[in-house]
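Participant: Take this sequence and fold it.
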Amino acid sequence: MADRNTPYLGFNFTVALSQGGDPGDPIAGFSEVSGLNTEITVAEYRAGNNKENHVQKFPAIYKTGDVTCKRGLVKNTDIRDWVEAVRNTGVAAKRPSVIVTLLDEQHQPVATWKLISAMPIKFTGPTLTGKGTADVAMEELVISSERIEFDF
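Facilitator: Okay, the predicted model is just below:
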């Protein structure tokens with residue numbers, strides 16, 4: 001495949017849950033995914049007898065940001081069932097991987113972000129208003145994971 005000089009567009013993507021090695025079927029279509037990040041903290045050290053007056057910096061532990069997924073409310077209970085299972089047991093017994101895949105214009109995978117050992121930490125239902133606007137009823141899921149693996 002030839003190198004690409006133009007950036008990929010961010011509106012073709014899938015979100016799937018994986019209970020094992022293979023990703024499952026995509027969850028009902030999301031309109032937005034944000035927070036795909038990892039951050040490496042820095043440990044600073046300076047010996048008292050250092051000739052230079054500055055600290056040395058070393059990579060330390062890393063942490064993964066919480067990922068927010070938004071979708072139009074549909075008659076599909078997969079997310080709510082997952083939230084209920086964690087909420088009712090107090091334990092995130094079902095810790096699947098969540099796989100976000102960016103697709104090119106031909107809907108072929110070009111990049112993936114795999115959230116390892118994921119669990120829902122917040123679910124927000126739609127904002128309802130009687131103003132008569134034609135806004136889509138949106139639900140929001142915030143997912144916490146132990147690690148993000150990415151493949152481009």
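
Participant: and residue 79, what element?
Facilitator: Using DSSP states H and E, residue 79 falls within helix 78-89.

Participant: right, and the helix or strand after that helix?
Facilitator: Next along from helix 78-89, by DSSP H and E: strand 97-103.

Participant: Give the rounded mean pLDDT of that following strand.
Facilitator: Averaging pLDDT along strand 97-103 yields 93.

Participant: For it, which strands pair with it and how are they oriented?
Facilitator: strand 13-18 (antiparallel), strand 109-116 (antiparallel) (DSSP bridges).

Participant: which residues sit against that strand?
Facilitator: Residues outside strand 97-103 that contact it (C-beta atoms under 8 Å, 6 or more residues apart in numbering): 8, 10, 12-18, 23, 33, 36, 67, 109-118, 143, 145. Yep, even glycine has a C-beta here, placed from its N, CA and C like the rest.

Participant: State the pLDDT value of residue 27.
Facilitator: On pLDDT, residue 27 comes in at 67.

Participant: Could you pull up the residues touching residue 137?
Facilitator: Here residue 137 is in contact with 72, 73, 126, 128 (criterion: C-beta under 8 Å, 6+ apart).

Participant: Mind doing that once more with 6 Å?
Facilitator: By C-beta atoms under 6 Å, 6 or more residues apart in numbering, the residues touching residue 137 are 73, 126.
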